[in-house]
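>>> Requesting a structural model of the entry that follows:
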Amino acid sequence: MYCAECGHPLPDIRDDNTTCSKCKTRLGTWWDESSKTMRTNREAFVPTNMMSELMGGRSHFEMNKKVSDRTNTYGLEERGFLATLTLLEMRWGPGGRAGLGRKAMEGLGKMIRSTLDMSLSRGEVREALAKNVDIWMRLQRIFYLAVPILVSRSLRESYTEQGAPSGLDVSESVALILKNFDALTEDLGYLNNLLVVSRNMLAVKETAQEICRAVGLDKQVHKLIILCVNVTSKGYDGENVDENSRGRLNEVTELYKKLLVTCLQHTHNWTMGNDRFKMSFWFDMLFDNDLHNDPVHELPPDDLNVEKVYHEVKNWLTRHSADQDETARELLEKYAAEADMACTPGPLPQIDEFTVTDADKEIDPEETTPIWKPELTDKYEQDRLYARVSHEIDIWWKRQRDQNYEGWVVKMVSVEDAMKRAEACKETAMHRFLPQRAFQDQDAYGHDEQLQEPPLHDEIDDTRSMDGHDGEEDGEEEDEEDDDESYAEGPLRGLLTEIPNILDTKQIEALHMTVKACIVDSMGSGLTPAGENLQKTRCKMFLALDCGKNLLREMLVFIAVWEQTDQHFIFQITAQIIESFHHNALLPYAWSSLRIMKDIVSPAQTVLLRLINYMFRARKDSPIYDDLRDYNRDAKLIHFLFTYFRTRVVPDCIALIHAQAQIRTQKSDPNDFPVDLWDMERAKDGLSQYLDFISVIAEIPEMRPLLIEWECVYELVALLRALEQGVARKNLSEQPLPNRRPAPVPQPGGGIPAIERPYESPTSQNSPQFQGPGQTLPPLHDTPHKFPWSGIKIQILIILTSLVAPNNARRQGPGNPIVQKQLLDQNGIMPLLNCCVYDGHNEYIKERATLCLKYVMEGCEEAQKWVKDLVPANKQRAAQGANGSVGAGGMTQSGSVSVNESGIPDVNRMARSPRAGFGGAGGMPRGGGAGVVGGTNTNISKGQGGEATMGNTLDVDPALQLEKLRLQERVRVAELKAKEMRGKENEKGQGQGK
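Numbering: from 1, shown residues only. Prediction:
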């Protein structure tokens, strides 16, 4: 043992009366009159040479006067925690835990846990600890010593033959972790608890944040994040180890994950409400060793000079490095004055990264009016005059923002051009690559010469693979490459990019909260003196730099992998992040940067569209569009997304369905089908999400006219017609009996009446339905050319019904005449009539189609005449004369469609009929002479009065038929009750009016 005062060895046998033979100091405890405190000269485990090093070669007597003059104002909790940290530092110090036995470590662990509990529950303790620079310095020293030891015990780097490092050796790392298992579990537990205490101390905000930065603890946490990511991102499942060893590996991995979560929480508290530290975190996260952006396929070069951005952000941090909290400044100055005493952990570390040089101090303070002088050669002075964070980022944003940002520059692609694109895609549908489109001109978000800006978004090469192979045996290596490109192309860059692949939904919350705090306007502190919104600047940096874009992609895919709904916390935080992109006119750029060559809509884009849908659903029935700026911002985003839908999604999907039709009609070989089942699933998911987006927009009264103006009906009818030709219906005999559930009574005045309500899911009609954990997934088809595109027709009919329904608040009366005319111009009535046939791939499609036809026919004489003219009038009268009675379902006994006095098909009667339809089951002809309806052979006979008579016999199970009739009878009763209730309310309202 050594004397703690002078480092001289103490006698082996000693008691409280023992004195040091060198400094003559008693070993016991005594009252020090000068400091007014109890002093203790305890034994030390540190040898003499280490003590001399700690003292800087000075003797105790040289320091004694300053120590005596230093008044100890620490509270009991501070003293206890500081003593614990001083002893714990020895665990990772040069002595290698010398003298710290099991009982000593248990006692230290209890002290740490006690301090942790007090820092959580007692605000005064938390504040006292946060303002103690000694404690921060001890924490920094502990992590400074511990992190390299953790690295040496957990990771083993591999090297090439030339001796250059080539990454981590997983097998060697596994052996290393198993060898050091006991030490690792103890170390990780202590360090995590210490970091939790530090995280709680940061809740004091400005003062604690400044001291944390000054001592360099944030840099140690940054190193710890890198270590945790390196350990947890390496999968050990494939290693050949026994069960016991595997359990140990999993235990260490979970401890590292726990420490990673605490690091993220610590970072969140350190940056919260502090623009300088937010920018510092952004600087560490978004810039890596390669100061350049990798080229993105199909996108033109963004011409961003990443190295210049790096130096501009660094200069901004340097200029603002002196902006400190006053309380923290005083505490740090006081500590610096006493740093040469042996009673402190040592002088403050020198952080050279953002220090202001003497030459910089002589320069005038930062300007408040940005002035850019490109002729200046002094970069620091040039940036100081500009006063904003980065001139390069500002220029990038002006190039990459929505091209319609300052006005409606890019017009909507015409229907005629969309038809040409669709035909061009259909002609080459069976090829491995979709054609390089010859229609990419200035009409589709392309290059505008007047603006003199580079091409953006849709002005890109669309030569992309629709397939993972070309029919040949490519081997396992190519399959693995395809798997790697499923969600992103090439290796992902960025410190935080791997974290969404490591943590679960609860663990990752701190990452999303930190990103949100850095870029969402409501979490900012307003404008700088130069008029800059730093939240918006960081939002632009996030999308401008590869590390940010990669993290965004992983955050979006995380939502899909973990099946996060709009009720989950992660989904809602991500939605706020996406809305911040929208407020900066960068969602079009984000959408384009997330594209993958082989997908029509990539998984990340699909999730992004879900988040945009969530954002627009909140707009419905809200006063947000009273502000013209909000209306224009949303309208321009809808314009961009619908342009993409018209020029990319619909033509490519129609091409795939056309390829299915070619095989169905035996015009092509099934082996030539261009994509596999997985690609078809992703194409369907993207199309379904897009239709959901359009459905949401169609329900917003202020935005619905845009879809009508852009003739959205063309895409919907074209998809219906393609599906009719390319996909066979699923017969009723293949469909299981629907679950019994009571029919809800329709509420009066509740918008568009839904005839099929007894069969609907309780979830929103506009939302794509995802299989829950308790539901069974339908069996996948063995071959992709038989892919059913389930539910797509239903979504199309929902949109058409919203568009064609009356514009009044109650959606009652004749249909929208503009949409009615558009449907007639696109020959859309026949595809709608073909939807009045049972299809197991689209449940209750007949009821949806019937409701849509009701609005199409009401008030539209041309549509009514079109239906009457399906067959010659004289033959219709002859058929009606022979079989004039009308049976259930609105069909005559001969099978003709019943019409009312105005010549409109009796859709209400048809909806209640289980057998009403056109073209028979599966759209196949039954009976006499055949006609062609939308590409499907249909038997049409003639009846009196101009009714179209169509063969309609179904071979169904009588039990199923009876069950469905019962359900439909309940619908009829519910409708009668609702009608009666509405009548009573109207009478009551009229009475009150009188």
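
>>> hey, where'd the strands end up in the stretch 151-300 of the chain?
Under the criterion DSSP state E, counting those that start in this stretch, strands of the stretch 151-300 of the chain are mapped to 157-159, 165-168.

>>> Revised request: answer the last question for the chain.
For the chain, the strands defined by DSSP state E cover 2-3, 29-32, 37-40, 43-44, 157-159, 165-168, 930-933, 936-942, 948-950.

>>> From residue 207, how far out is residue 201?
Shown here: residue 201 relative to residue 207, a distance of 10 Å by C-beta to C-beta, to the nearest Å. Glycine gets a C-beta too; all of them are placed from N, C-alpha and C.

>>> Please identify which of those two sits among more neighbours.
residue 201 (27 against 21; other C-beta atoms under 10 Å).

>>> Spatially nearest residue to the more buried one, not counting backbone neighbours?
Of all residues not flanking residue 201 in the chain, residue 130 sits nearest, at 4.0 Å (C-beta to C-beta, 6 or more residues apart in numbering).

>>> Isn't that neighbour up against residue 206?
No: when contacts are counted by C-beta atoms under 8 Å, residue 130 is not listed as touching residue 206 (10.2 Å).

>>> okay, the two: which has more neighbours?
Each of residue 130 and residue 206 has its neighbours counted (other C-beta under 10 Å); residue 130 has more, 24 against 15.

>>> For that one, list the residues it contacts.
Neighbour list for residue 130: 201-204, 207-208, 211 [criterion: C-beta atoms under 8 Å, 6 or more residues apart in numbering].

>>> Farthest pair within those?
203 and 211 (13.3 Å; C-beta to C-beta).

>>> Counting neighbours, go ahead and name the busier of these two.
Set residue 203 next to residue 211 and count neighbours by other C-beta under 10 Å: residue 211 wins out with 29 against 15.

>>> can you tell me how far the more buried one sits from residue 332?
Taken as C-beta to C-beta, the span from residue 211 to residue 332 is 7 Å.

>>> One more: residue 605?
Residue 605 is 48 Å from residue 332, where distance means C-beta to C-beta.

>>> Tell me which of the two has more neighbours.
residue 605 (24 against 19).

>>> In the stretch 201-350 of the chain, mark out all the helices, start to finish.
With DSSP state H, counting those that start in this stretch as the criterion, the stretch 201-350 of the chain has helices at 206-215, 217-232, 243-271, 275-286, 306-319, 326-338.

>>> For the fifth one, enumerate the helices and strands it packs against.
Put plainly, it is helix 306-319. The contact analysis (3 or more C-beta pairs under 8 Å, 6 or more residues apart in numbering; DSSP states H and E) places helix 306-319 against helix 275-286, helix 379-386, helix 391-400, helix 534-544.

>>> pLDDT (mean, whole number) over it?
Helix 306-319 shows a mean pLDDT of 94.

>>> That one vs helix 379-386, what angle?
Interaxial angle of helix 306-319 relative to helix 379-386 (axes from the mean of the first three to the mean of the last three C-alpha atoms, to 10 degrees): 70 degrees.

>>> Please look at residue 178 and residue 247 and confirm they touch.
No: taking contacts as C-beta under 8 Å, residue 178 lies outside contact range of residue 247: 10.7 Å.

>>> So for these two, which residue has more residues nearby?
Higher neighbour count among residue 178 and residue 247: residue 178, with 17 against 11, using other C-beta under 10 Å.

>>> Could you find the closest non-adjacent residue to that one?
Once flanking residues are discounted, residue 178 sits nearest to residue 245: 5.6 Å by C-beta to C-beta, 6+ apart.
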